[in-house]
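Colleague: The sequence isn't on hand, but the structure is:
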């Protein structure tokens, strides 16, 4: 089978005294699209932030390409090849699109590499070329999401983590974001996707995980999870959430 | 009377009983020593205890660093001194004072009370809008207010004698027992304030401002009243200080004094009354010890005035880095703490 | 007021404002990134002044060398305080950082009180600062023109740094959203150290200006510039570098105008007036004249 690149092994995370994640484990293989689902507050974002180094696990380890990364700083983890596109997009509003993208490639100072990648991003997101000199804060929600994804991609990560990329977007925009994710997968990019829009996420994922109040309750085939969702009680809740977003 | 209930009450409040006993024992010890220099030290430390307790009441429970507090202490000092001095004395000490101020005269206990209430009144008039602010903006506002008060105290010559010394009299007008009893009463008050309804609401607003206000706590009002009480206590202490040291200026109640109070609070742990108490004892003892050392160093050709401040500052930074909740860890010392210490011993036996 | 008098008032105000603008900028460059109001900032300036004093006393260096050393000393001090005291406190509460900066300020004041003297010492500085210049009847000292020119150059250099370099972009990004900047691979230490270095550099330049104006230094020399920086920053806006510059010039104008029009009996209270103004500003317009990215506080 394909090569394992990320192994999250039994991590627990707490905010002050409140536990947000309990003995959580997850694996991602090279080239896979893995989705992590769950309702609001289930701990999905906490999981991504912990992998990215923003939060530190109280126990357990995270292994990326054979190196223990739990406890390292976010900038060090980024340098090793993990890129997180944070929830709520979090682009830098007063910086221009160009500057936002330049920062995405902060770790690599070679201007020639950057220019080639930039052209690549423009073919993926033509709108960013039009808006190149505008301040990020002036873009629409969907454009900001594209900028955020482009900013995450431009460092050529080995693992791209997307946190709620469809949140707060119009139905049309949601469609194009999901199409985009599929085309990124087709390019061979390894993706860990967190979504509240569970149905859509399960349709495109290779494997799925389900979190409920900080505990892992399912891991495996997305089709199986989809079938279970129709029958199971707690998943009724999931569907409602999914329908809302 | 239900002895069980009494026992329970005593156990729950063992902290404050312990603090009172310790303070009284210290008092008895210094009284027995009968050494004027050490008695002076003890009285000044007791007044500082009042400052620290008043400051803890607001900062410890609200989590807000209110620099302006020491300014209100200064207001209390001047007002009570002006009230207690006879017109003749004021004529001599501050000849340019407004005549209507010179004519005010009242007994000392009343003057101390008026000083406290007047300072609280000024606080009540000024600080309402400031209580909305948090973070860096709040800090700068308090700091700015402190500077405004200080400029007024140091420059308003017709009231405070300006930058020159304000002399209350020849001999100290407050004695050992007045100060000791005052400190004791205020410590008990501050301890029970923490458990009072106002204190609880204030602590709720510190832990989570937004959930406190959604559960019906008017955060601004709660902070406002607590700060006024805090200023009244501090101003009462300021009055005692004025009538003990007898010579002071607006600068007596400024950064240097605030720094001492802050160091005691940081080292003790701001959230705990007992922590602050022990922080005060440690800092006061340490400062006294170091001051003894200073002339010794000077004898060897070093000019060491200021060493104490440097050591205290370094200690503060070390505490902030390694023990952010001070020696108390944010908890109160009490019988439970002692039981915790004894447990491993019992197991060993 | 005749035209030449008015013009010399303008030149004086711009000269003073240049000094205040740099002062405010040095405070805000750190505040924007860490949310820390650095009480030790005034002492960076004090140390710059003491370096000039010591050079004047023990080494007969040419002026440019002495000035460069003063600036380097202040910049290194900024860097050192960050590495020794603020770095271990990274991520802690605002108050912990603030109290630490206050403690550092007390340490530095007392080090110079013990090491040199509690008394104020006069600092030698080149006489050309005081030379009177007459341009079409507008008589001012050369000092004002030097301040204006130097400040202009520094502002241009700083703007280029912030707009054109990747480091500058990273600093602007970090002041908008520190965590996300780190997620993009921007090292927290690099950004914060750079901010302290710039803060110290500006303090060093201000130290030279301060010397040219006051001619003295003592252990409490840092207090006055710190207070000025506070006022300017609050007026201009604590979250914007252009705001800080504007605040500096506005404050200089207010100072000079109050000096002209305030009745002499009230002049000792000038500082109190300024701080009442500060409080009103904070209450009514906490974001200052220039809004910048004004949001909740955060600590790196």
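Modeller: That came through fine. Computed from a predicted model, the values in this text were never measured in an experiment.
Colleague: At which residues are the strands of chain A located?
Modeller: A:4-15, A:18-29, A:33-37, A:59-64, A:67-68, A:82-85, A:159-163, A:191-195, A:207-212, A:215-220 (DSSP state E).
Colleague: Correct me if wrong: residue C:86 contacts residue C:33.
Modeller: No: Residue C:86 is beyond contact range of residue C:33, at 11.3 Å (criterion: C-beta atoms under 8 Å). (Glycine included, C-beta is placed from N, CA and C.)
Colleague: and for these two, which residues touch both?
Modeller: Among the neighbours of residue C:86, those also in contact with residue C:33 (C-beta atoms under 8 Å, 6 or more residues apart in numbering or on different chains) are residue C:192.
Colleague: about what we covered before: if you average pLDDT over each of the strands of chain A, which is lowest?
Modeller: For those, mean pLDDT drops lowest on strand A:215-220, to a mean of 86.
Colleague: Tell me how far that strand lies from the chain's centre.
Modeller: Here the centre of strand A:215-220 is set off from its chain's centre by 18 Å, with C-alpha atoms, centre = their mean, to the nearest Å.
Colleague: What residues sit buried inside that strand?
Modeller: Neighbour-count burial for strand A:215-220, with 16 or more other C-beta atoms under 10 Å in any protein chain shown as criterion, is recorded at A:216-218.
Colleague: from these, which is closest to residue C:231?
Modeller: Nearest to residue C:231, judged by C-beta to C-beta, of those is residue A:216 at 55.2 Å.
Colleague: So that closest one versus residue A:11, what's the distance?
Modeller: To residue A:11, residue A:216 is 11 Å away according to C-beta to C-beta, to the nearest Å.
Colleague: intersection of neighbour lists for the two?
Modeller: Taking C-beta under 8 Å, 6+ apart as the contact rule, residue A:216 and residue A:11 both touch A:23-25.
Colleague: what sits against residue B:157?
Modeller: B:96, B:164.
Colleague: buried subset of the shared contacts of residue A:216 and residue A:11?
Modeller: Neighbour-count burial (16+ other C-beta under 10 Å) is assigned, among the shared contacts of residue A:216 and residue A:11, to residue A:24.
Colleague: Show me which of the shared contacts of residue A:216 and residue A:11 is closest to chain C.
Modeller: residue A:24 (20.2 Å; C-beta to the nearest C-beta).
Colleague: from memory that closest one sits against residue A:11, does it?
Modeller: Yes: contact criterion C-beta under 8 Å: residue A:24 and residue A:11 qualify, at 5.3 Å.
Colleague: shared neighbours, these two?
Modeller: When C-beta under 8 Å, 6+ apart defines a contact, the residues bordering residue A:24 and residue A:11 alike are residue A:60.
Colleague: sorry, back to before: any chance of the shared contacts of residue A:216 and residue A:11 in TSV, with distance to chain C too?
Modeller: Formatted as TSV, these follow (distance: C-beta to the nearest C-beta, whole Å):
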residue	distance to chain C
A:23	25
A:24	20
A:25	23
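Colleague: Let me have the shared contacts of residue A:216 and residue A:11 in a markdown table, extended by distance to residue C:113.
Modeller: Output for the shared contacts of residue A:216 and residue A:11, formatted as a markdown table (distance: C-beta to C-beta, whole Å):
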| residue | distance to residue C:113 |
| --- | --- |
| A:23 | 57 |
| A:24 | 56 |
| A:25 | 59 |
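Colleague: Please identify which of the shared contacts of residue A:216 and residue A:11 is nearest to residue C:212.
Modeller: residue A:24 (62.4 Å).
Colleague: And residue A:98, what's its pLDDT?
Modeller: We have a pLDDT of 91 for residue A:98.
Colleague: What about it, how many residues nearby?
Modeller: Residue A:98 is flanked by 16 other residues according to other C-beta atoms under 10 Å in any protein chain shown.
Colleague: Let me know the pLDDT of the residue nearest to it when sequence neighbours are not counted.
Modeller: In this structure, residue A:98 finds its nearest non-sequential neighbour in residue A:132, 5.3 Å apart by C-beta to C-beta, 6 or more residues apart in numbering or on different chains. What the model reports as pLDDT for residue A:132 is 91.
Colleague: Could I get the contacting residues of residue C:229?
Modeller: The contact partners of residue C:229, by C-beta under 8 Å, 6+ apart, come to C:20, C:23-24, C:26-27, C:41-42.
Colleague: Wasn't it part of a helix?
Modeller: Yes: under DSSP: H, G, I helix; E, B strand; the rest coil, residue C:229 falls within a helix.
Colleague: separation between it and chain A?
Modeller: 23 Å (C-beta to the nearest C-beta, to the nearest Å).
Colleague: How much space separates that residue from chain B?
Modeller: Distance from residue C:229 to chain B, by C-beta to the nearest C-beta: 11 Å.
Colleague: re earlier: can you put the strands of chain A in JSON lines and add distance to residue B:107?
Modeller: As requested, the strands of chain A are exported to JSON lines (distance: least, C-beta to C-beta, whole Å):
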{"stretch": "strand A:4-15", "distance to residue B:107": "56"}
{"stretch": "strand A:18-29", "distance to residue B:107": "56"}
{"stretch": "strand A:33-37", "distance to residue B:107": "75"}
{"stretch": "strand A:59-64", "distance to residue B:107": "66"}
{"stretch": "strand A:67-68", "distance to residue B:107": "74"}
{"stretch": "strand A:82-85", "distance to residue B:107": "70"}
{"stretch": "strand A:159-163", "distance to residue B:107": "70"}
{"stretch": "strand A:191-195", "distance to residue B:107": "72"}
{"stretch": "strand A:207-212", "distance to residue B:107": "71"}
{"stretch": "strand A:215-220", "distance to residue B:107": "70"}
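Colleague: Which among the ones you listed is found nearest to residue C:109?
Modeller: Checking the strands of chain A against residue C:109 by C-beta to C-beta gives strand A:4-15 as the closest, at 39.5 Å.
Colleague: how about the residues of the stretch 101-250 of chain C that lie near chain A?
Modeller: C:166, C:169-170, C:172-173, C:176-177, C:179-188 (C-beta under 8 Å from any C-beta of the partner chain).
Colleague: now do 7 Å
Modeller: Contacts of the stretch 101-250 of chain C with chain A, taken as C-beta under 7 Å from any C-beta of the partner chain, map to C:166, C:169-170, C:172-173, C:176-177, C:179-180, C:182-188.
Colleague: so where's the stretch 1-150 of chain C shaky on pLDDT?
Modeller: Counting by pLDDT under 70, the low-confidence segments of the stretch 1-150 of chain C come to C:1.
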